[in-house]
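[1] Generate coordinates for the sequence data below:
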Amino acid sequence: MATSPANGLPRWEADPILIVEHLFMRFGGLIAVNDLSFKVGRGDITALIGPNGAGKTTVFNCITGFYKPSEGRLILAHGRAPTPGEIAEVTRIGERSLVGRDAGVFLLERMPDYLVSGGAKVARTFQNIRLFTGMTVLENLMVAQHNALMAASGYSLKGLFGLPGWTKAQKAATAKAEYWLDKVGLTDRADDPAGDLPYGAQRRLEIARAMCSEPILLCLDEPAAGLNPRESLELNTLLRAIRAEHGTSILLIEHDMSVVMEISDHVVVLDYGTKISDGTPQAVKNDPRVIAAYLGVDEDAVEEVEAELHLDTNPTGAGA
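    Residues are numbered from 1 along each chain as shown. This is a model prediction of the structure:
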């Protein structure tokens, strides 16, 4: 799937929604993320891939505020890409964000996780499903709208008296929850405990719950893990619809290469916390460094992999 170029640039360069600059994450003497820089295009589906232990989830935890990076900058832009001057101004005055009529620039590394989700509008799912299994499917989607409902209720007072503002907000939240139940095919299970859903349906419910917070960036940690081929196809369809119908940019970690190559506009590859490739799915798929990392060969063997790849594409030796 090709990106929409502007001035000859791919979308992640021409109009980034997220800019990761020189990100480091250290745990004592261990460097989990090593000088990582990449961009997520506005409206793109971007995949962050790599072998186990490459640092992918650590990057997600930094972006979503669960970790504070040791070094680096995480810039999220609402509406349009920030200018260098806007970024410099936020940095200079030591603020978390610069929000104006036509600019919303957020420095995620300075924000606690609740502001990353509530203010910067970044939502995530987890590798291990984290639903409220004892609540119903519908209640899980209502909980995702808790902050907005509490504000509309005047922190309980308006809700207790059933004032019009609270009633309107409650109806809107219910309508949104019902909309996402329909999008993920779970309307008929709305009153069932979430824990009673089959695994694939729980995955879809978790994505629906994240979308109830109306994110501009949706971060998905291995959404296809444990899915069968039919469920993976349903996931692909859902993610494309989220991007097309809601304009939501998606950043995902995924080991299922059939999902990555099918739906991604842009792929970033990590190995031992370091970026080794960054480009279109086709370019990354044919990068000898990526092939070597997934095969588990030493760095010294990359040239051999590259030679073998070249021979495979030129079986008669023509053009070699």
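[2] bridging residues for the residue nearest in space to the middle of the chain?
    In the chain, the residue lying closest to the centroid (CA atoms, centre = their mean) is Cys219, at 2.1 Å. Here Cys219 sits in beta bridges with Arg124, Leu251, going by DSSP bridges.
[3] close enough to count as contact, it and Thr64?
    Yes - with contact defined as CB atoms under 8 Å, Cys219 reaches Thr64; the gap is 6.0 Å. Every residue, glycine included, has its C-beta placed from N, CA and C.
[4] so what sits against both of these two?
    122, 124 (CB atoms under 8 Å, 6 or more residues apart in numbering).
[5] three-state assignment of Leu205?
    helix (DSSP: H, G, I helix; E, B strand; the rest coil).
[6] pLDDT wise, what is it at?
    Looking at Leu205, its pLDDT is 96.
[7] Relative to Leu295, how far out is it?
    For Leu205, the distance to Leu295 equals 36 Å [CB to CB, to the nearest Å].
[8] what does Leu98 give?
    Per CB to CB, Leu98 is found 45 Å from Leu295.
[9] Who has more neighbours out of those two?
    Leu98 (17 against 10; other CB atoms under 10 Å).
[10] With Arg209 as the reference, measure out to that one.
    Distance, Leu98 to Arg209, by CB to CB: 30 Å.
[11] Quote the end-to-end distance of stretch 277-288.
    10 Å (CA to CA, to the nearest Å).
[12] Any buried residues in it, and which?
    277-279, 281, 284, 287-288 (16 or more other CB atoms under 10 Å).
[13] cool, stretch 253-264 as well?
    For stretch 253-264, a neighbour-count test (16+ other CB under 10 Å) marks 253-254, 256, 259-260, 262-264 as buried.
[14] Now tell me which helix or strand of the protein has the poorest mean pLDDT.
    helix 157-161 (a mean of 53; mean pLDDT, DSSP states H and E).
[15] heading toward the C-terminus, what's the first helix or strand past that one?
    With elements assigned by DSSP states H and E, the helix or strand that comes after helix 157-161 is helix 164-183.
[16] What is that next one packed up against?
    Secondary-structure packing of helix 164-183 (3 or more CB pairs under 8 Å, 6 or more residues apart in numbering; DSSP states H and E): helix 137-143, helix 146-152, helix 157-161, helix 199-211.
[17] at 10 Å instead, please
    Here helix 164-183 touches helix 137-143, helix 146-152, helix 157-161, helix 199-211, helix 229-246, going by 3 or more CB pairs under 10 Å, 6 or more residues apart in numbering; DSSP states H and E.
[18] got any ranges where the stretch 101-250 of the chain has weak pLDDT?
    101-103, 147-166 (pLDDT under 70).
[19] Just the buried residues of stretch 176-183, please?
    Per 16+ other CB under 10 Å, stretch 176-183 contains these buried residues: 176-177, 180-181, 183.
[20] Distance from it to the middle of the chain?
    Its chain's C-alpha centre and that of stretch 176-183 lie 21 Å apart, by CA atoms, centre = their mean, to the nearest Å.
[21] Equivalent analysis for stretch 31-40, please.
    15 Å.
[22] Do I have it right that Leu197 meets Arg204?
    Yes - with contact defined as CB atoms under 10 Å, Leu197 counts as touching Arg204 (8.7 Å).
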